[in-house]
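S.K.: Sequence and predicted structure, then a few things I'm wondering about:
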Amino acid sequence: MSDDEHSSGSGRLLMGLTWAVLLLALWQWGRQVTEVRQDLSAPATGDMAAVGRPPDTELPPAARPLGDALPQRIDIPDLGVRAPVVPRGLDRQGAIDPPSFDQADTVGWYAGGVRPGAAGAALMVGHVDTETRPAVFYKLSSLRPGETVRVIRDDGRVAEFTVDDVQVQNRDRFDARQAYGQHRPGRAELRLITCGGTFDQDSGSYTANVIVSAYLTGTGH
């Protein structure tokens, strides 16, 4: 990939995430009060749309939150995802600084927030594509309520989360509290976010974000 292509691709993801991550202040407030290109056949399209919960889907009870520990890997069996997790901060524009496109199969965890498995909502982001191929969260929108996300932590424990909501939120209808706030007080929750919708050539950004919400339902080793 040329330097120009890499720069263009990096800019696309950053622009797709910046509008959402600039609302991190609202996410932190919410805790207290409670990139697919069209030619790659994006799996997530449309305006704000909740996949919702099928009527016959029974979700397990929430497990007690764990103590603090750093995430090392994320496994999403239904998507075939098994990816390393790296801590990320914010860039000079106030957006989460995602893994580089050389690490398109790596997931970034916002290290200024909650650690996965602890009480609150932990935030993870990943690329949906590069200039030439799908990336780690390419199939994220195909997750369904009841499916499992596992986060392997550096204390030797595995935080097992159950998906309870999948949304594609159009950027002009973005709900920061729904995306970043804790949905139920006292739970350990997880948000997985990537770009969705279509890539708007005029604005140079994606039209939506895919947001998967999950909550802690068990632990393993």
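M.R.: Perfect, thanks for sending it.
S.K.: which helices and strands sit right next to the one helix or strand Phe161 maps to?
M.R.: Taking DSSP states H and E as the definition, Phe161 sits inside strand 158-170. In terms of contacts (3 or more C-beta pairs under 8 Å, 6 or more residues apart in numbering; DSSP states H and E), strand 158-170 is packed against strand 49-50, strand 148-153, helix 176-180, strand 188-200, strand 205-220. The way it works is simple: take the backbone N, C-alpha and C, and place the C-beta from them, glycine included.
S.K.: Tell me which of these sits most buried.
M.R.: Ranked by mean neighbour count, those are led by strand 188-200 with a mean of 25 (mean count of other C-beta atoms under 10 Å).
S.K.: tell me the mean pLDDT for that one?
M.R.: Mean per-residue pLDDT for strand 188-200: 89.
S.K.: thinking again about what came up before, of all the helices and strands packed on strand 158-170, which one is nearest Ile74?
M.R.: Nearest to Ile74, of all these, is strand 148-153, at 5.4 Å by C-beta to C-beta.
S.K.: Extract the CA atoms of the closest one and return them as CSV.
M.R.: Taking Å, rounded to 0.1, in the frame of the first residue of the first chain, the C-alpha atoms of strand 148-153 are listed here in CSV:
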residue,chain,number,x,y,z
THR,A,148,-20.8,-14.4,23.1
VAL,A,149,-17.8,-12.1,23.3
ARG,A,150,-14.8,-13.2,25.4
VAL,A,151,-12.1,-10.8,26.7
ILE,A,152,-8.9,-12.5,28.0
ARG,A,153,-7.3,-10.4,30.8
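S.K.: next one: that strand to chain centre, how far?
M.R.: Counting by C-alpha atoms, centre = their mean, to the nearest Å, strand 148-153 is centred 13 Å from the centre of its parent chain.
S.K.: So which elements touch it?
M.R.: Using 3+ C-beta pairs under 8 Å, 6+ apart, strand 148-153 sits against strand 71-76, strand 158-170, strand 188-200, strand 205-220.
S.K.: Ala62: which of those strands is closest?
M.R.: strand 205-220 (5.4 Å).
S.K.: Now Glu58. Nearest residue, chain neighbours left out?
M.R.: Leaving aside its sequence neighbours, Glu58 sits nearest to Gly146 (C-beta to C-beta, 6 or more residues apart in numbering; 7.9 Å).
S.K.: so what's that neighbour up against?
M.R.: With contact set as C-beta atoms under 8 Å, 6 or more residues apart in numbering, Gly146 has these partners: Thr57, Glu58, Leu59, Thr162, Val163.
S.K.: Please identify which of the helices and strands packed on strand 148-153 is closest to Val107.
M.R.: Among the helices and strands packed on strand 148-153, strand 71-76 sits nearest to Val107 (C-beta to C-beta), with 5.3 Å.
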